[in-house]
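>>> 3D, please:
(3 chains)
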Amino acid sequence: MNAPLFNPSRRDVLAGALVVSFSLRAIPSLAQEQENVSKPPLPGSLKKAPMLDAWIRIDADGSVTVFTGKCEIGQGVKTALIQVAAEELELDPHAIHLVTADTARAANEGFTSGSNSMKDSASAIRNAAAQVREILIGIAAERLGVAADRLRAQSGAIIGPDNRRAAYGDLVAGNVLHVTAQPTSKLKAPDTLKIIGQSLPRIDIPGKVTGGVSYVHDLRLSGMVHARVVRPPSYDARLQSIDTSDAEKMPGVIKVVRDGSFLGILAEREFQAVTAMHALAAAAKWDIATKLPDETNISSIIESLPAEDHVIADKHAESASATRTLQAVYRRPYQMHGSIGPSCAVASFDGDALTVWSHAQGMFPLRQAIAEMLRLPEEKVRCIHMEGAGCYGHNGADDAAADAALLARALPGRPVRVQWMREQEHQWEPYGPAMVSRARASLDAGGNIVDWWYEVRSNTHSTRPPGAGQLIAARHLETPFTPGPPRPGDQPEGAGDRNAVPLYVLPNVRVVHHLVPDMPLRVSALRGLGAYHNIFAIESFMDELAAAAGADAIEFRLRHLKDKRARAVITAAAERFGWSSWQAAKGKGRGFAFARYKNLAAFCAVAVEVNIEHESGHVRLGRAIAAVDSGQAVNPDGIANQIQGGIVQSASWTLYESVHFEPRRILSQDWSTYPILRFGTMPESVDVYVIDAPGEPFLGTGEAAQGPTAAAIANAVANATGVRIRDLPLNSARVKAAIGV
Amino acid sequence: MITLNVNGRSRDVDDAPNTPLLYVLRGTLELNGAKFGCGLGQCGACTVVIDGKPVFSCLTPISILQGRKITTLEGLGSEDAPSPLQRAFIEEQAAQCGYCIPGMIMRAHALLTANQSPTDAEIREHMNANLCRCGTHMRILAAINRAAGAMHAAGARAPAKAEEEE
Amino acid sequence: MAFSLLLIVVLGATALFFATHLSIPEDRSQRVFAPDLVRRGGELAALGYCASCHTAENGKPFAGGRPLATPFGTLFGTNITPDPKTGIGLYSQAAFARTMRDGIDRAGRDLYPVFPYNHFARLTDEDLSALYAFLMTRAAVPAQNPANHLTFPYNVRPLLAGWKLLYLDKKPVPRDQTRSAEWNRGRYLVEALSHCGACHTPRDRLGAEIASQHFDSGEAEDWWAPPLNHKFPSPVSWSEESLFNYLRSWDVGHGGAVGPMAPVVAALATVPEQDVRAIAAYVGATLAKPGESEKRVDEKQPQAAEAHPQGAELYAGICATCHETGGHVPFTVTSLGQHTSIYAPDPRNVIHVVLEGVRPPEGTVGAVMPAFADTLSDAQIADIAAYLCARFSRGGEWQNIEAEIARLRRSTSP
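Below is the predicted model:
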């Protein structure tokens, strides 16, 4: 078969394999031990940027700026970070100005992904803020001649007995905050918290509902021009020839830019760019080489492609003998991010240096990739994050930024705004990979699981920058860049194997991840990565085992779980759903699922009720109840918002979504060809119960509901119909075929 | 030159007559509310209200808008003085990325102008034309219900249109 | 003597009437059906689109309540779930057969021919059994049938006996030995079950299909239903293959079904492919024809634009975004001139689509078109329609377009 454009060369694959096998040995605890030998690690991202003033700046006038390398992607992180800083600095949250990901101003915290922002950035900021506060107290103690233990911070000043007071602004001079952070901080005690734990209204929402400049799409710079890109008709298509003269003469057109198969157009006004883009597209002649696989056969194809095998769990212990063995195969199609706002970027090149405004999830990796693509030194490229529409992972944002960079370089002195069309976002974004997994487990006479075998087959879940070859535009240039080898992702976080190892206590466990390097379709990280499919598979399988054991679904899970917090979310969700008093009825079903995201982030249990429309096979969502434990809950409503949204989005993936394609092209190019859940088919209700765990570390939450929701729905459908469906999506045709006439 | 009535003000624009309203609002008039989502009338991110009805501004050329009253998000209220509907969205924290929300608010505004006490079923049916990808639907429904209740309690009629859009 | 003869005829007719209209006793037996029979019945019910008329909007399947407007008044599709009180739960197979073939319900009442028993009369015993098995295994829904809104004399049911004497033909669908098995199967399905003629054949003043004008065009719910024979007005070609595609989902040469035809296509997507091929073979035999080139189809564009500049401008500014992309927007065809309704004698279909849009099917891939009722005024829609008619139509200009738009706005607003 044709090797699609973004597949690595064989040599790269082998090189990648070496890297992978090496990393297999890097068990997290070993890494930890090595660090402990020297000194204790700094909390969160302080490891990466240990100077306090990388995080907190206080000006002479008392204004406080907090810097984070993370970005707002609609998950409310800006508000949460301001809360933790305000808490430890004893400030009104609205007095804090937060600067988000900017290669010139904020620390390199990698990507805002993996639900790591609270663990990485909030931990860093909270500790930095606490340490800054103590430094200010120390300086104030000297200045005011009062013992430090008689001073405290309050409302932007250090105050002491007899109304002695020193404002923050008066205490900072020179580089007092340019000090290395300490491994431990004097954090406020859980029972003294006033801001952490409050559902502070999000600071970005008022602007968004009243027409403020909120997104990179809204950015307007003086002299800015509008651009559109003409993308090839398919992955490998090459631009044979094009007569650009007609398009160049159209109203408002400034320039047509062509470099190999990269084709863009610049115009004064946006609609002029759109009109000219259509003309340019009509004039282009393409060599169409792509042969995509057969969509109806994709699981078999994935199972037949060569793979690298990674054993990620292998545990053997004495157990009772097996009396029954079950096995099952679970499948998931390609699914897309489908951002409601197609990707956008603005770039400005002054002849020497380039600035890019982008909603990509990692400004530093993006900077490296763009610099490499343009053959500029990295320090000549600045990437600044501005919000986009929800991305849910690696969507077209990085590529739109690359487009803008190329076009800006072609028109020095004028900022260039590139807006992707709907079809471009749908067809060029990297999808969540199609996955197949096989499960086999045995029960003893008492209905306990005695052995568990699980293997999952998947592409890589990250083709993000760094590396110019990860950018679509760079691959289309006359002198193209090629993508690097696919990365497996390391356990315990994993990628395709995320949550492939169940949290349950099982005596015999073997879990294998088969990384398939060959990518028939472009793929990368989609919210949850492999956890969506693995939890769908594992939690469906748990229900199948429970049924074989004659046990209640909830009780069966509790039987195999010792973790107190896991048990607590399960019990809470079950109780609030009314699991034990639920009445069955024809066509009605209930389903339950639980997972701890990545086995180290938030705990989430979901219970749903469905009604099956017998004649059509449509699954109607009734009540959905979730319980979530995110550690110390910084903003409980923020957590609830993310879980509610995750449930609804996952319900859409699970009931409707799969990318359609034929040999020559991707067919899913708009909402008519990739339908998603609408208001008319929303659940009756979605209730989330946030279990606060004061004093516990922050746990990533944004992706925690994806997998449990899929399994809960699948289990509810099985409960309602008596038929187990193991292939996603559970669309009406599939359900109807399963239930028959 | 085409004269448009936007949020109660006359605005002269020199865009070509076949330019969809969306690009005129965002480009020439520098209004951020209406958003580009698809350009195909499938998602509703570009929804504005014209003569009281919800309309996809991505498919409406300015040439047909002479003498018609265009209301955008900015016409309902400002960050300092949000309208009851906008305030309801803030109170319900009805947004995740927020990109679809302006279109949602405008569509809901048209509904509440015509029907002050919609049932839950009526709201869901009316809003069906607008897509949200983040899954904020339940909060959007709550916000619309809240606004309907607030307007009802206050005995208010249709929310007053602001005189200027900034 | 003449009087005695008359008396005998009248007494005879009365006796015959009562004999054929006896109430059939309730059937409360425990019914068991072979799964294969039920499955086949489901396919036949889809082929007959029972659900289209017997399910209300957002209502439970087959539970009735859907209004059907006719020139004689509004009738409601009845509850055909096996509910004993409000549905057909007490119908024996014989009662069901009489309803389907004779248009007489279990209680002995004549049924209105809006229920197309003039077609179902020709169903085989086998197929009636399967349909019975299917319907009797549906979920029973207690739902009272709303009363029909009929004025005198149409509300006098026994008069329908006279109607049936004139129009009801119960002869089985004949076999034509000169045609293929597939064609004959298609003829049986179309004439006995899918009742295409009910919409696609003109009706006389008494509401009966005019046999001599079979498939010459008709009406459905205030939409025009095109001819399915040589009277088809569009210059676009038809083949059996393209007809099969259209009936199954969508055809690149013609587009897809909207309006009252949409549920028909949705149902045909669920039945065995060979049944749809058979229908396409039968209808295709009268419909199939070569067509004119795309260029010829659209050769009147410049004159149309000149004659209707407003319409042309509106079209270019709004419709063209999706409809002049060479078919790149999914479910659009290269030229609107490929859509049959452009060639209709009246603009109703075009007006419906512009006003109401095309609603996406739930959760499945399918056309999405926004409704333009709120974006465009009656005059603007009329301009566009006039332009399209001038650009493509081979017949005369559409008359009174604006009035039609106003009327359809009123009748279709929720």
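
>>> quick check, C:Ser335 in contact with C:Glu294.
Yes. Assessed by Cβ atoms under 8 Å, C:Ser335 is found in contact with C:Glu294 at 6.3 Å. C-betas here are computed from N, CA, C, even on glycine.

>>> the two: who's more crowded?
With other Cβ atoms under 10 Å in any protein chain shown as the criterion, C:Ser335 and C:Glu294 differ in neighbour count, and C:Ser335 comes out ahead with 20 against 14.

>>> quick one: is the lowest-mean-pLDDT helix or strand in chain B near chain A?
Counting by mean pLDDT, DSSP states H and E, chain B has its least confident helix or strand at helix B:137-153, which shows a mean of 93. Yes. Helix B:137-153 reaches chain A (Cβ under 8 Å from any Cβ of the partner chain) through B:His137, B:Met138, B:Arg139, B:Leu141.

>>> for that helix, which helices and strands make contact with it?
Here helix B:137-153 touches helix A:636-656, helix B:84-91, helix B:101-114, helix B:120-127, going by 3 or more Cβ pairs under 8 Å, 6 or more residues apart in numbering or on different chains; DSSP states H and E.

>>> again, only this time at 7 Å
helix B:84-91, helix B:101-114, helix B:120-127 (3 or more Cβ pairs under 7 Å, 6 or more residues apart in numbering or on different chains; DSSP states H and E).

>>> neighbour count added to the residues of helix B:137-153 next to chain A, as TSV?
Listed next are the residues of helix B:137-153 next to chain A as TSV, based on neighbours: other Cβ atoms under 10 Å in any protein chain shown:
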residue	neighbour count
B:His137	26
B:Met138	21
B:Arg139	25
B:Leu141	21
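
>>> nearest spatial neighbour of A:Ala439, skipping sequence neighbours?
Closest residue in space to A:Ala439, ignoring its immediate chain neighbours: A:Phe541 at 4.6 Å, by Cβ to Cβ, 6 or more residues apart in numbering or on different chains.

>>> number of nearby residues for that neighbour?
Residues near A:Phe541, counting by other Cβ under 10 Å: 26.

>>> for B:Ser57, phi and psi?
Listed backbone geometry of B:Ser57 is phi -70, psi -10, with angles given as degrees, to the nearest 10.

>>> which residues of the stretch 251-400 of chain C lie near chain B?
Residues of the stretch 251-400 of chain C lying close to chain B (Cβ under 7 Å from any Cβ of the partner chain) are C:313-314, C:316-318, C:321-322, C:329, C:368-370, C:374-375, C:380.

>>> in helices, which of the residues you listed appear?
C:Glu313, C:Leu314, C:Thr321, C:Cys322, C:Gln380 (DSSP state H).

>>> just give me how far stretch A:185-200 sits from the chain centre.
Counting by Cα atoms, centre = their mean, to the nearest Å, stretch A:185-200 is centred 27 Å from the centre of its parent chain.

>>> do the same with stretch C:384-399
So, by Cα atoms, centre = their mean, the centroid of stretch C:384-399 is 25 Å from its chain's centroid.

>>> one more: stretch C:215-228?
8 Å.

>>> and if you look at stretch C:352-362?
Worked out by Cα atoms, centre = their mean, stretch C:352-362 lies 18 Å from the chain centre.

>>> hmm, it in reach of chain A?
Yes. Applying Cβ under 7 Å from any Cβ, one finds that stretch C:352-362 is in contact with chain A at C:Pro360, C:Glu362.

>>> flag every residue of the stretch 301-414 of chain C that's near chain A.
Within the stretch 301-414 of chain C, the residues that sit near chain A (Cβ under 7 Å from any Cβ) are C:Pro330, C:Phe331, C:Pro360, C:Glu362, C:Gly363, C:Thr364, C:Val365, C:Gly366, C:Ala367, C:Val368.
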